[in-house]
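S.K.: give me the fold of what follows.
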Amino acid sequence: MKDKIIEKMYEISKKPYQKWFKKNDPWKTTREELIALPKQTLGFQLGHFLMRYNFEIQEKLEDHDVIHVLTKTGISVVDEIGMQYYLLGNGKRSLYLFMVITTGFLFYPRQSHYFLNQYDKGKKAHQFYHLDFQKMLSIPVNTIRESFNII
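M.R.: Model prediction:
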């Protein structure tokens, strides 16, 4: 039930967030173009992630899925919350992030150890959440992980 509530909150907040808070231009690429890149690249891994979960590229939210790929984070509600804790540890600050981690902490207090572990991982990584990932699609994903100490 908690998962359904959080998923509904996401669906309600996604469109206004895209429209009023995300100022970046949408990427002009498709899953198929990403999959055509060499297997070791961030682009291929992103395309593979999107296809594995039957996701489409979400306009202006492309970076979110890149973070999933780089941090090897799953797509469950708890994983999504954990990824926001990771980003908090990495230095990201946004109203949306604070809403997610607060809601996550309140709805999933038993997962607090996991959330704090994700926060610690984000702190240990070099700051990367703000990078222009679109320009990095042809770089091997392991090179990016190693360069930014993403574990």
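S.K.: got a list of what the nearest residue to residue 124 once chain neighbours are set aside touches?
M.R.: Taking C-beta to C-beta, 6 or more residues apart in numbering, and ignoring the residues beside it in sequence, residue 124 has residue 149 as its nearest neighbour in space, at 6.1 Å. The C-beta positions use only the backbone N, C-alpha and C, and glycine is treated the same way. If you count contacts by C-beta atoms under 8 Å, 6 or more residues apart in numbering, residue 149 has them with 124, 125, 126.
S.K.: in this structure, where's the longest helix?
M.R.: Among the elements of type helix in the chain, defined by DSSP state H, the one spanning the most residues is helix 2-16.
S.K.: now for the following helix or strand past that one, which elements pack on it?
M.R.: Along the chain past helix 2-16, the next helix or strand (assigned with DSSP states H and E) turns out to be helix 31-35. In terms of contacts (3 or more C-beta pairs under 8 Å, 6 or more residues apart in numbering; DSSP states H and E), helix 31-35 is packed against helix 42-52.
S.K.: remind me what the helix it packs on packs against, helices and strands.
M.R.: Right, helix 42-52 is packed against helix 31-35, helix 62-71, helix 141-147 by 3+ C-beta pairs under 8 Å, 6+ apart.
S.K.: just the ones you listed: most buried one?
M.R.: With neighbours defined by mean count of other C-beta atoms under 10 Å, none of those is more surrounded on average than helix 62-71, at a mean of 20.
S.K.: quick check, pLDDT for residue 11.
M.R.: The predicted local distance difference test score for residue 11 is 70.
S.K.: which residues are in contact with it?
M.R.: Contact criterion C-beta under 8 Å, 6+ apart gives no residues in contact with residue 11.
S.K.: got it, and residue 56?
M.R.: Taking C-beta under 8 Å, 6+ apart as the definition, contacts of residue 56 comprise 31, 50.
S.K.: which of the contacts of residue 149 tops the neighbour count?
M.R.: The member of the contacts of residue 149 that has the most neighbours, counting by other C-beta atoms under 10 Å, is residue 125 with 21 neighbours.
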